[in-house]
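[1] please find the sequence and the predicted model below.
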Amino acid sequence: MQAVQSSNLVRKQYLISTNQIEKLDRLAKEKGSSAAEIVRQAIDAYEPDFGGMDAPELMELVAVRVKEAIEDTRNTRARLSQTLKQLGVEGA
């Protein structure tokens, strides 16, 4: 993160909830930073047009990946069971 020079800063006022103030204060304390710096970092990190997926697309991708992982696990277990049988291990 680039250091912010005070000459580049502009004072603005925004209304935020009590919960947001508490969270902001907690984050600032944890980071050893000012609340204003946390806000600046959050603004810099926020990118609404990042070209990401919407929720349905993301859920479909997750579902596909979980199915692949389940299939891989089944195949691995079958190979392991076969190997254990060849080695004469009980319970295989």
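    Received the coordinates, thanks. In this text the structure is predicted, and so the values were computed from the model without any measurement.

[2] every contact and neighbour count from this point should use C-alpha atoms.
    Noted.

[3] domain ranges for this protein?
    1-46, 51-92 (automatic domain parsing).

[4] now render those domains as a markdown table, adding mean neighbour count and mean pLDDT.
    What follows is the domains of the chain, written out as a markdown table (neighbours: other CA atoms under 10 Å; pLDDT from 0 to 100):
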| stretch | mean neighbour count | mean pLDDT |
| --- | --- | --- |
| domain 1-46 | 10 | 89 |
| domain 51-92 | 11 | 89 |
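
[5] what about the helices in this protein?
    Ranges of helices within the chain are 18-31, 35-45, 55-86, based on DSSP state H.

[6] so which of the ones you listed gets nearest residue 8?
    helix 35-45 (12.2 Å; CA to CA).

[7] what packs against that closest one?
    Under the contact criterion of 3 or more CA pairs under 8 Å, 6 or more residues apart in numbering; DSSP states H and E, helix 35-45 touches helix 18-31.

[8] from the contact counts, what lies against the helix it packs on?
    Contacting helix 18-31 under the criterion 3+ CA pairs under 8 Å, 6+ apart are the following elements: helix 35-45.

[9] as a markdown table, the helices of the chain with distance to residue 9 would be great.
    Formatted as a markdown table, those follow (distance: least, CA to CA, whole Å):
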| stretch | distance to residue 9 |
| --- | --- |
| helix 18-31 | 19 |
| helix 35-45 | 10 |
| helix 55-86 | 36 |
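
[10] of all the ones you listed, which one is nearest residue 10?
    Per CA to CA, nearest to residue 10 of those: helix 35-45, 11.5 Å.

[11] now tell me what touches the closest one from outside.
    1, 24, 25, 27, 28 (CA atoms under 8 Å, 6 or more residues apart in numbering).

[12] widest-spaced pair of those?
    Taking CA to CA, no two of these sit farther apart than 1 and 25, at 19.7 Å.
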